[in-house]
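Student: Using only what follows, build the 3D model:
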Amino acid sequence: MSILEIHSSGEKLGRRYLTATAVAWILPFLAVAAMVAADPAKNTVTPVYHAATSAWWANQPLYTYGAHLYFYFPQFAVAFTPFHMLPMWLGDNLWRLLSMVLFAWAIRRLVGCFEWRDPEKAFLICSLLAIFPSLGALRCGQANLTFAAVLVHFVLFLAEERWTAASFSMMVLLVLKPIALAPMLLAPFVYRPIVKSLSLSLILLFIFPFFFGPPEYVLGQYRDLAGRLLTVSVTTNHIFADLNGLLRTIGLQLTGAASQLVRLAAGLATLWLWVVASKSTKEPNRAMVLLALSSAYLMVFNPMTEVNGYAIVAPALAILALYYLEVEGRAGIAWWLVFVDLSISFFPEIFRRLDPNFGLWWDPLVMLISMGLLAWGIAVKRVFNQKSRSEAPAI
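Tutor: As a prediction, the model looks like this:
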């Protein structure tokens, strides 16, 4: 076979991979879009977003409208307005489409950080591993999927030293979910040039709602939000898939100050690992570590992590599985991460009849084990510092 024939065959195979990847992204959205069009109010959280948006423009309290469900900054109610103004089936599908497009773009950028021998194949594998844990969030219309996408963009903008873009991404993350405070606090310890633009972005974020509501109303919503967030860490409901979801399954529970202290200690340990890893890594590995540490921390130590919330960690699981297999040559850890990815995607449904709360303890359990492996790799084995962008892994 001639060189030209080999090249042509490689191009055809690459196109097939890209076609398969496009199908993998498009089919789930079309299936969900059809279900939403048939019954927009079924199996979805978007009515909470619609109710909050209606409350905002009526100058009504946000945190008594669906009080047990709305845990977002006031800015989210304003940002959701364009979707709220449309017929529910159309607005909700456009919201999901935006999330899916941002997510696909994020995975493409993440895979593109490395010069894989077969980038189309890498994109297909990473896409599949990222999509599976995200299907629940897509179906429900949760902000978790959008958050997962923007978090990837945030760390990649940091790696590219695009401080303004990274700061804007962080503003979006905070609008989507207050838990973005975790990666926001971690990043400046290593990416110090972002402090100036991030500070300005936070000021702009704070004043943004005042353009769309009376000052006394906006300040009142900020006060109500502060009160709401202070009660989050002491929740006792067995409906979340965090550390307490695991402990409650075996008859234990962290409450009050104990819960807050454990989460603080875990946060400090995560910060230490982040600083240690950053000293011996190059880009884009350093950004990958921030993505992995911050998303894993949020899964286990955010007191209101839902099973569908594990979409947030899906990009990290996907890229780390490829990285461990092809760059570090640690097949055992790589296949463990693939198992974690697939198990959090499917086990909660498969074993629902045996244990309706399966996902509440399984997901944090395997994530804790994975965090341990990641910590061991950073602190003991010094992984992530062996290859730079220019050293191409094979896949």
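
Student: for the chain, which helix is longest?
Tutor: With secondary structure taken from DSSP state H, the chain has its longest helix at helix 3-38.

Student: from the chain's centre, how far out does it sit?
Tutor: Using C-alpha atoms, centre = their mean, to the nearest Å, the distance from the centre of helix 3-38 to the centre of the chain it belongs to is 24 Å.

Student: Compute the inter-axis angle for the very next helix or strand once past it and helix 3-38.
Tutor: Using DSSP states H and E, the helix or strand that directly follows helix 3-38 along the chain is helix 46-57. If you take axes from the mean of the first three to the mean of the last three C-alpha atoms, to 10 degrees, helix 46-57 sits at 70 degrees to helix 3-38.

Student: in the longest helix of the chain, what's buried?
Tutor: Across helix 3-38, burial judged by 16 or more other C-beta atoms under 10 Å covers 17, 21, 24-25, 28-29, 32-33, 36. Just so you know, the C-beta spots here come from the backbone N, C-alpha and C atoms, and that holds for glycine as well.

Student: try stretch 158-165
Tutor: By neighbour count with 16+ other C-beta under 10 Å, stretch 158-165 contains the buried residues 158-159, 163, 165.

Student: Now secondary structure, distance to residue 40 and pLDDT too, for the residues you listed, in JSON lines please.
Tutor: Converted to JSON lines, the buried residues of stretch 158-165 look like this (DSSP: H, G, I helix; E, B strand; the rest coil; distance: C-beta to C-beta, whole Å; pLDDT from 0 to 100):
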{"residue": "158", "secondary structure": "helix", "distance to residue 40": "37", "pLDDT": "98"}
{"residue": "159", "secondary structure": "helix", "distance to residue 40": "39", "pLDDT": "96"}
{"residue": "163", "secondary structure": "helix", "distance to residue 40": "40", "pLDDT": "97"}
{"residue": "165", "secondary structure": "helix", "distance to residue 40": "34", "pLDDT": "97"}
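
Student: Let me see the mean pLDDT of the longest helix of the chain.
Tutor: The pLDDT scores in helix 3-38 average 83.

Student: Mind giving me the packing neighbours of that helix?
Tutor: helix 88-112, helix 119-131, helix 135-140 (3 or more C-beta pairs under 8 Å, 6 or more residues apart in numbering; DSSP states H and E).

Student: out of the buried residues of stretch 158-165, who's nearest residue 357?
Tutor: Sorting the buried residues of stretch 158-165 by distance to residue 357 puts residue 158 at the head of the list, at 37.0 Å, by C-beta to C-beta.

Student: my read: that closest one touches residue 187, true?
Tutor: Yes. Contact status for residue 158 versus residue 187: in contact at 6.2 Å, counting by C-beta atoms under 8 Å.

Student: Common neighbours of these two, please.
Tutor: Both residue 158 and residue 187 are contacted by 166, 194, 290, under the criterion C-beta atoms under 8 Å, 6 or more residues apart in numbering.

Student: Now for the residue nearest to the first one when sequence neighbours are not counted: which residues touch it?
Tutor: Spelled out, it's residue 166. The shortest distance from residue 166 to any residue that is not its chain neighbour, by C-beta to C-beta, 6 or more residues apart in numbering, is 3.8 Å, and that residue is residue 157. Each residue near residue 157 by C-beta under 8 Å, 6+ apart is listed here: 163, 165-166, 169.

Student: coming back round to it: I'd like the buried residues of stretch 158-165 written out as CSV, with distance to residue 371 added.
Tutor: Converted to CSV, the buried residues of stretch 158-165 look like this (distance: C-beta to C-beta, whole Å):
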residue, distance to residue 371
158, 21
159, 22
163, 29
165, 29
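
Student: which one among those residues gets closest to residue 78?
Tutor: Nearest to residue 78 out of the buried residues of stretch 158-165 is residue 165 (C-beta to C-beta; 21.8 Å).

Student: can you tell which of the helices and strands packed on helix 3-38 is closest to residue 282?
Tutor: Evaluated with C-beta to C-beta, these place helix 88-112 nearest to residue 282, the distance being 16.1 Å.

Student: helices or strands up against the closest one?
Tutor: The contact analysis (3+ C-beta pairs under 8 Å, 6+ apart) places helix 88-112 against helix 3-38, helix 46-57, helix 81-84, helix 119-131, helix 135-140, helix 143-159, helix 314-326.

Student: Which one, of these, ends up nearest to residue 74?
Tutor: Using C-beta to C-beta as the measure, helix 46-57 is the one of these that comes nearest residue 74, at 6.9 Å.

Student: can I get the CA coordinates of the next helix or strand after the closest one in CSV?
Tutor: Note on helix 46-57: by DSSP H and E, the next helix or strand toward the C-terminus is helix 74-79. Listed in CSV are the C-alpha atoms of helix 74-79, where the atom choice follows Å, rounded to 0.1, in the frame of the first residue of the first chain:
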residue,chain,number,x,y,z
PRO,A,74,-30.4,36.2,41.7
GLN,A,75,-28.5,36.7,38.5
PHE,A,76,-29.6,33.3,37.3
ALA,A,77,-33.3,34.4,37.3
VAL,A,78,-32.3,37.4,35.1
ALA,A,79,-30.1,35.3,32.7
